[in-house]
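Structure here, sequence nowhere to be found:
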């Protein structure tokens, strides 16, 4: 059998007491959080002050060396960027010379400079497909009309006459 305490529902007074206890815990935790925030802020301020004091105690030569190193690092980054742009530009010119359109040439050149060969191969595939399509369209556009059983017209130019004469000489009828 269950005891009387196990089945009993807490009273309103007991619930209010529990709520007040929880509220006091929340208030205490908020206070602790504010103390932690203040301590973090103080630590950041102290670190900045110590850094300033350290820089002030450095001699002029050390400060100049640090500034020179920062300048050299910035110049190296700029040089690397310029070299990359020059490389991309050179690759782009090469791709344009091969017949790539400008957007595809730029994309391929950037991918090549970054070492992203999967993009280079995808672009190469797209270019090859476009070239195949252009060749097929050109061949269809330049194909002579079918004669529907009629005899072809005699050669009209000197080259056509030479081809016909050669064909007759070797026994091939055109």
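The structure has been received and is ready for your questions. This is a predicted model, so every value here is computed, not measured.

can you pull the contacts of the residue nearest to the spatial centre of the chain?
What sits nearest the mean C-alpha location of the chain, by Cα atoms, centre = their mean, is residue 111, with 9.1 Å. Residues near residue 111 by Cβ atoms under 8 Å, 6 or more residues apart in numbering: 117, 119, 120, 123. Where you see a C-beta, it was placed from the backbone N, CA and C, and this is true even at glycine.

again, only this time at 6 Å
Residue 111 makes contacts with 119, 120, as judged by Cβ atoms under 6 Å, 6 or more residues apart in numbering.

what helix or strand is it on?
Taking DSSP states H and E as the definition, residue 111 sits inside helix 102-114.

Check what pLDDT residue 21 gets.
On pLDDT, residue 21 comes in at 90.

Need phi/psi at residue 115.
Backbone torsions for residue 115, taken as degrees, to the nearest 10, come to phi 80, psi 20.

What count of nearby residues applies to it?
7 (other Cβ atoms under 10 Å).

Repeat that for residue 169.
Residues near residue 169, counting by other Cβ under 10 Å: 8.

tell me the phi and psi of residue 11?
phi -80, psi 170.

Residue 58 now?
Dihedral angles (degrees, to the nearest 10) for residue 58: phi -70, psi 150.
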